[in-house]
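Asks: task: produce atomic coordinates for the following.
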Amino acid sequence: MGTIVAVCTSGKKGMRKKDQGEGLLVKDYGIQDDVHAGPWHRQVSLLAVESIEKMKAMGLDVGPGDFAENITTSGLDLVNLPLGTRLKIGPEAVGEVTQIGKVCHTRCAIYYQAGDCVMPREGIFIRVLNGGKIKTSDAIEFIHGKPGQDR
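Replies: Alright, predicted model coming up:
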């Protein structure tokens, strides 16, 4: 089990996201008021605070939302979750892992500062199966290890 460290949104693409402390996950859409939400497979992005710490160790002044992730987590090995894993996020929301990492077509400012960026390798994406309110310190837990298999 892990926890939510930050819930981040932005109104424009290509911008760092700001920690709102809470948010509303909307079924088949994403986080309310976030520019990346929509009816597609990458509705919500997650990145572990442990990944952010790697970039801090390289001398960068970064924190939650700086990698454009919606939910910053702690205590979960996100990058090793199989596709189809279902996560209960907060008291009622459920998301399904749809993608691990992403292709960066253009280098972000963090890449130019450090020569590296963790989001393309260690960030994951989910689609929202069941909506609900989420906030910092809420639990995140596995409810399926592989598609069709209870955990």
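Asks: could you use CA atoms for every contact and neighbour count after this?
Replies: Fine.
Asks: tell me who's in contact with residue 70.
Replies: Applying Cα atoms under 8 Å, 6 or more residues apart in numbering to residue 70 gives the contacts 6-9, 17, 31, 44-46.
Asks: list buried members of those by neighbour count.
Replies: 6-9, 17, 31, 44-46 (16 or more other Cα atoms under 10 Å).
Asks: among these, name the least confidently predicted one.
Replies: pLDDT across the buried ones among the contacts of residue 70 is at its lowest for residue 17, which sits at 90.
Asks: determine the longest helix present in this structure.
Replies: helix 49-57 (DSSP state H).
Asks: which secondary structure elements does that helix sit against?
Replies: Using 3 or more Cα pairs under 8 Å, 6 or more residues apart in numbering; DSSP states H and E, the elements in contact with helix 49-57 are strand 71-74.
Asks: rerun that using 10 Å as the cut-off
Replies: strand 2-9, strand 71-74, helix 109-114, helix 119-122 (3 or more Cα pairs under 10 Å, 6 or more residues apart in numbering; DSSP states H and E).
Asks: these: lowest mean pLDDT?
Replies: Among these, helix 109-114 has the lowest mean pLDDT, at a mean of 48.
Asks: name the nearest residue to residue 19, sequence neighbours excluded.
Replies: Nearest non-adjacent residue to residue 19, counting by Cα to Cα, 6 or more residues apart in numbering: residue 8, 4.2 Å away.
Asks: which strand or helix spans the closest residue to residue 128 other than its chain neighbours?
Replies: Spatial nearest neighbour of residue 128, excluding adjacent residues (Cα to Cα, 6+ apart): residue 95 at 4.5 Å. Using DSSP states H and E, residue 95 sits in strand 93-100.
Asks: which helices and strands does that strand pack with?
Replies: strand 22-26, strand 44-48, strand 86-89, helix 119-122, strand 124-130, strand 132-135, strand 139-146.
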